[in-house]
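Asks: When you get a sec, could you give me coordinates for this:
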Amino acid sequence: MKVIVVTSAILIAIALLIVFSLHGMNQRAKAPGLTGGILSKCSDKPNCVCSESGNDASHSIEPIAIPQDSSFDTLSLLKESIEEMEGNIMLQKENYIAATFTSAIFRFVDDLEVRIDSAGKVIHIRSASRVGYSDFGVNRERVEKFKEIFRAKALQMMRPESR
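Replies: This next block holds a predicted model:
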């Protein structure tokens with residue numbers, strides 16, 4: 001019985017050590033940013049989705065089409081959408097935003113990046129976990145929710161009564 005208690009205590013201590021070390025790595029990391037002017041590809045791990053360089057179906061996600069008759073500031077609407085989802089904007093450039101989302105329990109950080117492709121009339125999106133292997137679909141769900149919020153805001157801005 002004593003061996004089981006000691007073994008259990010050691011395993012719990014090791015698990016906590018792993019979680020805290022991942023947390024430290026997670027907090028120091030940053031979004032990969034643009035590579036050659038486009039969003040970075042996802043790694044082989046299933047904790048990332050990207051509309052611009054989705055290597056395969058498990059990583060690929062559709063970009064957001066920019067409405068043809070839009071007269072609103074797309075970058076401002078992207079920022080509002082991220083903030084509504086309680087994301088923290090870390091970097092903003094002319095056509096790019098990097099934001100973070102932090103999980104409630106272990107405080108793990110995920111990166112959300114968006115790039116406006118004016119020539120292609122789309123907004124490319126990448127969402128990825130900084131550490132770990134699987135995310136249980138959290139990043140894909142986040143992107144779908146983000147797209148839904150952005151589209152609703154864009155539609156509202158295009159209505160004549162909202163101007």
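
Asks: How about the backbone phi and psi for residue 125?
Replies: Note on residue 125: its backbone torsions stand at phi -130, psi 140 [degrees, to the nearest 10].

Asks: Report the beta-bridge partners for it.
Replies: residue 114 (DSSP bridges).

Asks: doesn't residue 145 make contact with it?
Replies: No - contact criterion C-beta atoms under 8 Å: residue 125 and residue 145 do not qualify, at 11.3 Å. To be clear about C-beta, it is placed using only N, CA and C from the backbone, and glycine gets the same treatment.

Asks: Tell me where this protein has strands.
Replies: For the chain, the strands defined by DSSP state E occupy 34-35, 38-39, 48-50, 64-65, 88-92, 96-102, 109-117, 122-129.

Asks: need the contact list for residue 134.
Replies: Neighbouring residues of residue 134 by C-beta atoms under 8 Å, 6 or more residues apart in numbering: 45-47.

Asks: Nearest to residue 84 among these?
Replies: For the contacts of residue 134, the minimum distance to residue 84 (C-beta to C-beta) is 23.4 Å, reached by residue 47.

Asks: mind showing which ranges of the protein have poor pLDDT?
Replies: Applying pLDDT under 70 to the chain picks out residues 15-30, 54-55, 160-163.

Asks: now the helices for it?
Replies: Under the criterion DSSP state H, the chain contains helices at 2-28, 74-84, 138-158.

Asks: Tell me which of those approaches residue 114 most closely.
Replies: Residue 114 sits nearest to helix 74-84 of all the helices of the chain, at 5.4 Å, using C-beta to C-beta.

Asks: List the buried residues for the closest one?
Replies: Across helix 74-84, burial judged by 16 or more other C-beta atoms under 10 Å covers 74-75, 77-79, 81-82.

Asks: Using PDB, write out the CA atom coordinates for it.
Replies: Extracted in PDB, the C-alpha atoms of helix 74-84 (Å, rounded to 0.1, in the frame of the first residue of the first chain):
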ATOM      1  CA  THR A  74     -11.400  45.500 -42.800                       C
ATOM      2  CA  LEU A  75      -8.500  45.700 -40.300                       C
ATOM      3  CA  SER A  76     -10.600  47.400 -37.700                       C
ATOM      4  CA  LEU A  77     -13.400  44.900 -38.100                       C
ATOM      5  CA  LEU A  78     -10.900  42.100 -37.700                       C
ATOM      6  CA  LYS A  79      -9.600  43.600 -34.500                       C
ATOM      7  CA  GLU A  80     -13.100  44.100 -33.200                       C
ATOM      8  CA  SER A  81     -13.900  40.400 -33.900                       C
ATOM      9  CA  ILE A  82     -10.800  39.200 -32.100                       C
ATOM     10  CA  GLU A  83     -11.500  41.400 -29.100                       C
ATOM     11  CA  GLU A  84     -15.100  40.200 -29.000                       C
END
